[in-house]
Structure formats: C-alpha cells, structure tokens
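Asker: how does the following fold in three dimensions:
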Amino acid sequence: MKNNHLTRHIKILAEGDDVHTLEKFIDQICDDYHIYDAYYGNIMTTIATLGELIGTIKKEKGLYIDVYFNSSPAGLSFTIKLGRLFLDIAKDIEKAKKTDLNDPEAYIPSIQQVKTMEMLSDEIRLDPEEESIVIRFNISGINDMLSLQRVQMLDNYFQKVVNIKEL
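Answerer: Now for the predicted structure:
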C-alpha cells in the first residue's frame, strides 16, 4: 500500500477474500481525514457494496484490482481499476442508471447494489479508457438535510425490496 497525504493505492484480490484489507484501507483514510458519522458509513458501504458486486462477477481466480484514493478540494474519490471485469460491471451500472425504482428489475441483486451505491455517493463515473469506475464523495458539503434525504431514499427503497420479497 502506497501512502502520502493526498493519494493512496492498494491492490486486492477481486474474489472478495480481501474485504478486510479493503475495509482497513478505508478506515485508515477516514481516520486520517477525520471522517466519521454519515460520510464514513457512506464511503464504507459504497466501496464494500462495489466489492460485493465485483465478487459476484469475477471470472477467474487470482484476478487483482487496484483501488486508488485521491483527496482534492472537490472531495474524496476512489478509482477502482477493474481490468477484464470492467465491461461486466459497466453493464450493470448502465442498466441500473436506466432502471426506475418502480420497475421490478430494480430489485435484482446487482441493480440493488448499484442503486445503493448511487444513493450513498455523490458521483459514480465510468472511465472506459482506464477500465475503471470512479466514486466521488463531496465531504465538505454534506449537511443534516442531505444526510436525512439519503436516509429517507434508502428507507423507501428497501421498504419496496421487503414488500416485493414478501409477495
């Protein structure tokens, strides 16, 4: 793991076995930047959810992904270089972005994972040239209203999930 004040990098197995290493990476960043409460939870859940999505798509053993962290005045960003997994992840992300929450397909696990990530982060951007996904958090701008809106969106979304599973 390479560390400096503004950027960091970690290489982990795409199989999900390195989830604790990824969590430790995020914990250290949040500790160093004094990020707690809502944004800590948003960052940890978003990145862990992406890890789950990657773990379900992996195609071969021993495949590594690179996770880069960058801090800038605009906020914090995580760039996950996916390599051969990029097209599958991009397909799920694009499908989720086009899926309305009232559509029954919005409750397929991979779509649920992307919708959760969208609700907790400020930007999810695909970079086809780098075969990566960039997830950005505007840590300087969160306030109580935005935090409550995100909680309400997640509550509404997961209430629909529970209702559909009960049918």
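
Asker: contacts for the longest helix along the chain?
Answerer: In terms of residue count, the longest helix belonging to the chain (DSSP state H) is helix 144-166. Applying Cβ atoms under 8 Å, 6 or more residues apart in numbering, the contact partners of helix 144-166 are 38, 42, 101, 104, 106-107, 112, 115-116, 119-120. (Glycine included, C-beta is placed from N, CA and C.)

Asker: so where do the helices sit in this structure?
Answerer: Assigned by DSSP H, the helices in the chain fall at 19-32, 37-57, 86-98, 109-120, 144-166.

Asker: for Val67, find the nearest of these.
Answerer: Within the helices of the chain, the stretch nearest Val67 is helix 19-32; the backing value is 6.8 Å (Cβ to Cβ).

Asker: in the longest helix of the chain, what's buried?
Answerer: 150, 153, 157 (16 or more other Cβ atoms under 10 Å).

Asker: could you do stretch 108-119 as well?
Answerer: Residues 110-119 are the ones in stretch 108-119 that count as buried (16+ other Cβ under 10 Å).

Asker: cool, stretch 57-76 as well?
Answerer: Going by neighbour count (16+ other Cβ under 10 Å), the buried part of stretch 57-76 is 57-58, 65, 67-71, 75-76.

Asker: among those residues, which one lies nearest to Phe25?
Answerer: Closest approach between the buried residues of stretch 57-76 and Phe25, by Cβ to Cβ: Val67, at 6.8 Å.

Asker: what's across from that closest one in the sheet?
Answerer: Beta-bridge partners for Val67, by DSSP bridges, are Ile10, Ile80.

Asker: next one: it from Ile12, what distance?
Answerer: The gap separating Val67 from Ile12 is 7 Å, by Cβ to Cβ, to the nearest Å.

Asker: mind listing the shared neighbours of these two?
Answerer: By Cβ under 8 Å, 6+ apart, the residues touching both Val67 and Ile12 are Leu22.
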